[in-house]
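J.: only geometry, no sequence info:
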């Protein structure tokens, strides 16, 4: 019979599973993202829906986001199934549904990072690539990562990227970060291990860190015939 493992071996194994270099790469990426004052980012998303019999169906969507820190954002998300736009000019946050020609506005005076969190918490409205706004802040989930590894390098488009893989609760996720001195995330893959079918989502991410937009793009102008509706907060649990 093998001898019992020494006390503390489980914690030691868990600690060994977290590569410090991979964690540092996330910190460096977060610090760089927070340093960007104006940028445009777009993503092509491929996701999976699992049917009752286990068959997987792929779906795709696109998102464009303009950001001017500390408190300006415009996001547009669209697919063949739906479309949504979000505007934030530092005072007012507006959600617009073009197909229905409905919009809702709420007063908000926080930062872009705070907006991303509050829209999810209060209204269950998720801004695309919302995790990118957390990196480099106190809300970054570094203490929740169970394992982290450096998986080598790959090209994403023409960019040579460092590839890192993480396990965090019920999710495995991978990120490809440019290796040219500007640590920008170029690809993100998330796998849900809580589902036996292991559905995954894949984001291909493109950046413009010298965009040409002006402040006017962050203020919503209702189109002709648009109807204003109330945005209800989620009920407290």
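T.: Cool, got the structure. What you see is a predicted model; the values in this text were computed from it and never measured.
J.: a strand runs through residue 34, doesn't it?
T.: No. Applying DSSP: H, G, I helix; E, B strand; the rest coil, one finds residue 34 to be helix, outside a strand.
J.: my guess is it meets residue 139, correct?
T.: No. Counting by C-beta atoms under 8 Å, residue 34 stays clear of residue 139, with 11.7 Å between them. Yep, even glycine has a C-beta here, placed from its N, CA and C like the rest.
J.: Can you list the residue ranges for helices in this protein?
T.: 9-16, 20-35, 112-123 (DSSP state H).
J.: contact partners of the second one?
T.: Meaning helix 20-35. Contact with helix 20-35 is made by 132-137, 140, 142, 145, 148-150, 162, 164-166, 175, 177, 182-185, as judged by C-beta atoms under 8 Å, 6 or more residues apart in numbering.
J.: hang on, the earlier thing: deepest-packed of the helices of the chain, please.
T.: Ranked by mean neighbour count under mean count of other C-beta atoms under 10 Å, those are led by helix 112-123, which reaches a mean of 18.
J.: That helix packs against which elements?
T.: strand 72-78, strand 83-88, strand 92-97 (3 or more C-beta pairs under 8 Å, 6 or more residues apart in numbering; DSSP states H and E).
J.: Now do the longest one: which elements does it pack against?
T.: Secondary structure elements in contact with strand 72-78, counted by 3+ C-beta pairs under 8 Å, 6+ apart, are strand 56-68, strand 83-88, helix 112-123.
J.: strands paired with it, and their directions?
T.: According to DSSP bridges, strand 72-78 has the following sheet partners: strand 56-68 (antiparallel), strand 83-88 (antiparallel).
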